[in-house]
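Asks: Sequence first, then the predicted structure:
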Amino acid sequence: MRGWGVIAFLAILVGWSALTMNEDKEMTRSGESQTATGIAVGQKAPDFTLQALDGTSASLSDFRSQPVMINFWATWCPPCRAEMPDMERFYQNHEVEVLAVNLTTTEYSKGEVQQFVAEIGVSFPILLDEANEVASLYQIQPLPTSLFIDREGVIRHINVGPMNEEMMIRVLDQMEF
């Protein structure tokens, strides 16, 4: 019976640790935590240029003077797939640019990305990180990870894990303009 008590204690400890980790995942303007990325809130967002799924190219600096949400994602990631419809509504209903950076090196094929985007019907740019350069630049670990950047190009919020539209709106509203 004593062995079960130890197992129960360990299970509770692991569960508590998981809850604590979830609380640390959402990063705020104060930038106390850097568990998800090597960049921090309050820093200038590194510029990048990627080819979009539609064949055009886009740079983060193209969107200076407007708030930007950069979302790192992949089609094989269920939480990434789940948040896409909310991101589309957020993009359609608010003055924010959404850049969805697909970690293309982790995909089976670019066709899978095209098929998923067509199924969901997203209208924001899908950027292809085909050499994992931008994910490395931003030191992205878990997917999805979203960064909110203000009009001056400063990172104001980092969120690890999926977001719904309400969460996105709340972050956008809290950003200083």
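Replies: Thanks, I have it.

Asks: hey, where'd the strands end up in the protein?
Replies: Using DSSP state E, the strands of the chain run over 26-27, 49-52, 57-59, 68-73, 97-102, 126-128, 145-149, 155-160.

Asks: what angle do the last one and strand 68-73 make?
Replies: It stands for strand 155-160. Strand 155-160 and strand 68-73 are oriented at 20 degrees to each other (axes from the mean of the first three to the mean of the last three Cα atoms, to 10 degrees).

Asks: circling back to that earlier point, include distance to Q114 and mean pLDDT when you put the strands of the chain into CSV, please.
Replies: Backbone N, C-alpha and C define where each C-beta goes, glycine included. Listed next are these as CSV, based on distance: least, Cβ to Cβ, whole Å; pLDDT from 0 to 100:
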stretch, distance to Q114, mean pLDDT
strand 26-27, 31, 40
strand 49-52, 11, 98
strand 57-59, 17, 97
strand 68-73, 14, 98
strand 97-102, 10, 98
strand 126-128, 9, 98
strand 145-149, 22, 98
strand 155-160, 26, 97
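
Asks: L172 is nearest to which of those strands?
Replies: L172 lies closest to strand 145-149 among the strands of the chain, at 7.0 Å (Cβ to Cβ).

Asks: Parallel or antiparallel, list what pairs with the closest one.
Replies: When sheet partners are counted by DSSP bridges, strand 145-149 sits next to strand 68-73 (antiparallel), strand 155-160 (antiparallel).

Asks: Pull the contacting residues for F148.
Replies: F148 is in contact with 67-69, 155-159, 171-172, 175, counting by Cβ atoms under 8 Å, 6 or more residues apart in numbering.

Asks: Name the nearest residue to it, ignoring sequence neighbours.
Replies: Leaving aside its chain neighbours, F148 sits nearest to H157 (4.1 Å; criterion: Cβ to Cβ, 6 or more residues apart in numbering).

Asks: Would you agree V122 is in contact with M84?
Replies: Yes: the pair V122 / M84 is scored as a contact, 6.2 Å apart, by Cβ atoms under 8 Å.

Asks: Great, nothing more from me.
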